[in-house]
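Q: Here is the input, now give the coordinates:
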Amino acid sequence: MDRFLNPPPEPGGASLAGRYRVLRQLGEAGAIATYLAEDRNRFQELCILWEFNPRLADPLVAKTVADRFDQTAGLLYPIHHPQIPRFRELLRQADHLILVQDYVEGATYRDLLHQRRSQGSLFSEEEVTQLLLQLLPVLQYLHGLGLVHREITPDHLIQRRQDGLPVLVSCAGSKPLLIRTNQIQSGLAADRALIGDDIGPGDDLCSLGVTALVLLTGQEPHTFYDRLHPGWPDRLVLAGPLSSVLPRLIAPPSGDRFSSATAALADLRARMGSWTVVGPQPVAPTGSAPTLAVAPRSPLPAPVVASPPPARALPGRPAASGCGSALFGLLVLLGVAGGLWWWLDPMASKIALKPSLPTSGQGSGPLSQGRVELRDRAQALGINPSFLVDLTDALFYQNNPGRQGTPLTDRPEDAAYRAQWLGIAQTNLNWLEANLTGAARAQLGHYSAADFDRWIAQANQRHVGGKALATMADGRFNQFVVDPSQSQEANTPLGQIWLGLAQDSLTQLVKGQTLKELEFAPGSYGQQVEASLAPGQGQVYTLQLRQGQLMRLNLQAPPGSISLSIYVPSPNPTLPYLLANSSENTWAGQVPQSGYYEIVLIGQSQNPVTYRLALAVDNLIDQGATPPPAPTN
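A: Below you'll find the model as predicted:
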């Protein structure tokens with residue numbers, strides 16, 4: 001790609017404008033790439049660089065997009081609120097435009113919700129009440145400037161580590177961050193058909209209410225909310241002020257929805273009574289916001305910055321993680337719809353003329369009836385029906401490229417195609433039910449490449465690197481995908497499945513189900529492990545070694561039934577690994593680095609296979625010695 005910014009292969013690379021040193025690329029979407037950088041003028045604070053390259057855009061829209069880039073900077077410039085990432089500057093290098101913003105340290109509320117679920121709990125009513133008390137003043141501030149955020153979701157709220165306050169962010173590849181309400185009302189906003197005529201402060205209030213319900217219930221919005229017919233999660237009973245406030249936040253505009261964030265905040269405070277919430281309180285905006293972030297977002301202590309997974313798994317990773325604006329003009333030109341439709345149809349723009357699943361039981365033909373059954377089963381499995389449609393379309397049109405753009409009907413001439421589409425959808429549901437946990441299924445359509453960065457940091461704490469985690473996900477993914485050449489970018493249906501498998505792989509590693517550290521008994525120089533692997537299943541063994549030690553490894557299993565990878569502690573371009581997805585069953589030699597080596601086995605057979613792993617090491621390292629640093633791969 002013709003990029004002006006290219007992350008240097010080693011630390012200490014060239015700087016931008018003599019100030020910003022690029023550390024690594026976070027993602028890329030069309031003509032926009034996002035980078036993590038450090039600001040040399042502010043004591044190496046981390047920041048986000050959004051780079052627009054007009055040479056990568058359609059020449060007919062490049063100038064318009066560049067103008068929108070300027071407009072976005074103009075919208076962000078006057079915002080000085082400590083709970084909104086600060087806009088630093090807009091740079092022009094050659095014909096490239098680079099927008100600089102603060103980087104936020106902390107965990108998203110989506111991350112926190114996942115953590116709660118894994119512990120068998122959710123957010124309490126008191127915690128969500130506190131969250132509203134902390135966020136409604138932020139909306140007061142934005143709406144007072146004539147701006148609407150339009151994308152308040154658990155993914156775009158970060159609990160800042162330094163003080164615990166929620167910070168309102170957005171990420172590349174999502175909806176526009178900000179739009180002036182007077183532009184909408186006066187018809188000045190571009191492409192009104194895409195942004196909607198009714199966008200206003202009420203949409204932020206509704207999104208905040210839906211977010212609160214997600215945190216309280218752990219349910220995804222599509223299971224209880226429809227913009228035209230707002231619902232309420234099953235079995236949710238509230239006892240405090242939220243019982244009155246939340247229904248008014250999510251009410252339709254023509255109903256009893258609050259007229260403003262000020263009105264909602266006043267009503268919530270009035271109903272507090274004897275209720276007490278404990279925690280950090282909102283900070284009033286000032287003339288200049290403090291610097292917010294100096295590390296990647298994660299609930300874990302400052303992880304080692306890790307390299308992305310292999311390109312085969314996620315070749316084109318979109319921008320993500322703890323960042324500010326979402327470049328209004330470009331995204332509108334790309335045809336991204338806005339507002340609450342992020343909740344209801346997260347991947348709706350991927351394939352045109354898709355056969356959508358109905359929201360009620362309308363229609364009596366075989367296609368309509370089949371879709372109703374699919375919708376009901378998808379929802380029962382916790383899968384967004386819109387994601388199922390996107391996934392089925394991708395596979396259906398791959399088999400039938402001549403049908404692209406032609407909707408299916410109940411007419412007799414479509415009978416064969418109709419049966420094929422419905423069959424693919426059922427097969428997809430069968431596979432997802434059997435191979436993904438409920439937590440991963442619920443996230444399909446909402447993952448980003450930043451999630452994988454966060455999982456790498458968690459794996460690193462157990463001496464497992466990103467390459468090993470990606471290999472585990474690849475093993476399971478290859479049991480599903482037929483054509484590995486299909487796009488697996490994070491914002492595609494297949495990329496979402498890969499990320500779901502990666503999340504489940506991490507969970508199994510953390511629980512010790514697929515991870516074992518090999519240690520030798522005193523006086524012993526070898527060890528044998530016997531186990532079995534199901535198709536696509538992986539197992540990771542870690543072993544602490546010192547540079548120059550002699551290691552001999554032998555894998556006994558039927559030929560071609562297991563792939564073997566041996567990853568080094570600190571991979572580099574000249575030594576990325578000792579073996580990678582190899583059919584070989586032996587390795588012997590002196591190890592080139594000190595640290596934790598990862599031995600990854602992946603079942604390649606169509607049936608479970610039993611194996612024996614024999615390992616011998618000379619000049620064993622003292623098991624009580626201080627361990628070397630965690631892997632950075």
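Q: quick one: average confidence on stretch 169-176?
A: In this model, stretch 169-176 carries a mean pLDDT of 43.
Q: His156 versus the residue nearest the centre of the chain, what's the distance?
A: The centroid of the chain falls nearest to Ser448 when counting by CA atoms, centre = their mean (2.3 Å). Separation of Ser448 from His156 (CB to CB, to the nearest Å): 11 Å. From N, CA and C alone the C-beta is placed, and that goes for glycine too.
Q: before we move on, what about Leu213?
A: Here Leu213 is placed at a distance of 16 Å from His156 (CB to CB).
Q: Likewise for Ala33?
A: According to CB to CB, Ala33 and His156 sit 20 Å apart.
Q: out of those two, which sits in the more crowded spot?
A: Using other CB atoms under 10 Å as the criterion, Ala33 and His156 rank with Ala33 on top: 27 against 24.
Q: which parts of the helix or strand where Asp376 lies are buried?
A: Using DSSP states H and E, Asp376 maps to helix 366-380. Buried residues in helix 366-380, counted by 16 or more other CB atoms under 10 Å: Leu367, Ser368, Gly370, Arg371, Val372, Leu374, Arg375, Arg377, Ala378, Gln379.
Q: Over to stretch 400-410?
A: Using 16+ other CB under 10 Å as the test for burial, stretch 400-410 gives Arg403, Leu408.
Q: Report the backbone C-alpha coordinates of it in PDB.
A: Output in PDB follows, covering the C-alpha atoms of stretch 400-410 (Å, rounded to 0.1, in the frame of the first residue of the first chain):
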ATOM      1  CA  ASN A 400     -23.200 -18.700  -7.100                       C
ATOM      2  CA  PRO A 401     -21.300 -15.600  -8.300                       C
ATOM      3  CA  GLY A 402     -23.900 -15.100 -11.100                       C
ATOM      4  CA  ARG A 403     -26.600 -14.500  -8.500                       C
ATOM      5  CA  GLN A 404     -24.800 -11.600  -6.900                       C
ATOM      6  CA  GLY A 405     -27.200  -8.600  -6.600                       C
ATOM      7  CA  THR A 406     -30.300 -10.800  -7.400                       C
ATOM      8  CA  PRO A 407     -32.600 -11.200  -4.400                       C
ATOM      9  CA  LEU A 408     -34.100 -14.700  -3.700                       C
ATOM     10  CA  THR A 409     -37.800 -15.000  -4.000                       C
ATOM     11  CA  ASP A 410     -40.500 -17.700  -3.400                       C
END
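Q: where in the stretch 451-600 of the chain is pLDDT low?
A: Confidence mapping of the stretch 451-600 of the chain against pLDDT under 70 gives the ranges 482-488.
Q: show me the contacts for the residue of the chain most remote from its centre.
A: Distance to the chain centre peaks in the chain at Gly523, reaching 46.7 Å (criterion: CA atoms, centre = their mean). With contact set as CB atoms under 8 Å, 6 or more residues apart in numbering, Gly523 has no partners.
Q: Now do the contacts for Ser582.
A: Ser563, Leu564, Ser565.
Q: For it, give the beta-bridge partners.
A: Leu564 (DSSP bridges).
Q: Between the contacts of Ser582, which sits nearest Leu238?
A: When the contacts of Ser582 are compared for distance to Leu238 (CB to CB), Ser565 wins out at 50.1 Å.
Q: Just list the residues touching the closest one, thanks.
A: Applying CB under 8 Å, 6+ apart to Ser565 gives the contacts 467-468, 471, 577, 579-582, 598-602.
Q: Can you give me the distance of Trp455 to Ile566?
A: Distance, Trp455 to Ile566, by CB to CB: 21 Å.
Q: The two: who's more crowded?
A: When Trp455 and Ile566 are compared for neighbours, Trp455 comes out ahead with 25 against 21, by other CB under 10 Å.
Q: Tell me, how many residues neighbour the residue nearest to that one when sequence neighbours are not counted?
A: Closest residue in space to Trp455, ignoring its immediate chain neighbours: Leu506 at 4.5 Å, by CB to CB, 6 or more residues apart in numbering. Neighbourhood size, Leu506 [other CB under 10 Å]: 23.
Q: Using the three-state scheme, assign Leu506.
A: helix (DSSP: H, G, I helix; E, B strand; the rest coil).
Q: tell me the contacts of it?
A: Neighbours of Leu506 in contact, by CB under 8 Å, 6+ apart: Trp455, Gln458, Ala459, Leu469.
Q: show me where the stretch 401-550 of the chain has strands.
A: Secondary structure of the stretch 401-550 of the chain (DSSP state E, counting those that start in this stretch): strands located at 515-517, 526-533, 538-545, 550-556.
Q: circling back: would you format the contacts of Leu506 as CSV with distance to Thr610 included?
A: Formatted as CSV, the contacts of Leu506 follow (distance: CB to CB, whole Å):
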residue, distance to Thr610
Trp455, 29
Gln458, 30
Ala459, 27
Leu469, 25
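Q: Let me know the closest of those residues to Gln549.
A: Nearest to Gln549 among the contacts of Leu506, with distances taken as CB to CB, is Ala459, at 24.0 Å.
Q: Skipping its backbone neighbours, what lies nearest the closest one in space?
A: Leu469 is the one closest to Ala459 (CB to CB, 6+ apart), at 5.0 Å.
Q: what's the answer for Asn399, then?
A: In this structure, Asn399 finds its nearest non-sequential neighbour in Gln420, 7.3 Å apart by CB to CB, 6+ apart.
Q: Can you report how many residues lie near that neighbour?
A: 18.
Q: do the same with the one 4 residues further on
A: A total of 18 residues lie near Ile424 under the criterion other CB under 10 Å.
Q: Please tell me I have it right and it contacts Thr392.
A: Yes - using CB atoms under 8 Å, Ile424 makes contact with Thr392 at a distance of 5.0 Å.
Q: could you pull out the helices for the stretch 451-600 of the chain?
A: Secondary structure of the stretch 451-600 of the chain (DSSP state H, counting those that start in this stretch): helices at 466-477, 493-510.
Q: quick one: the longest one to strand 538-545, angle?
A: What that stands for is helix 493-510. Here the directions of helix 493-510 and strand 538-545 differ by 50 degrees (axes from the mean of the first three to the mean of the last three CA atoms, to 10 degrees).
Q: go on, the shortest one?
A: For the pair helix 466-477 and strand 538-545, the angle between their directions (the same axes, to 10 degrees) equals 160 degrees.
Q: Determine how far stretch 372-392 lies from the middle of the whole chain.
A: With CA atoms, centre = their mean, to the nearest Å as the basis, stretch 372-392 stands 20 Å off its chain's centre.
Q: for the record, mean pLDDT for that stretch?
A: In this model, stretch 372-392 has an average pLDDT of 89.
Q: mind listing what the residue nearest to Asp618 when sequence neighbours are not counted touches?
A: Closest residue in space to Asp618, ignoring its immediate chain neighbours: Leu550 at 4.3 Å, by CB to CB, 6+ apart. By CB under 8 Å, 6+ apart, the contact list for Leu550 reads Ala588, Gly589, Gln590, Val591, Val617, Asp618, Asn619.
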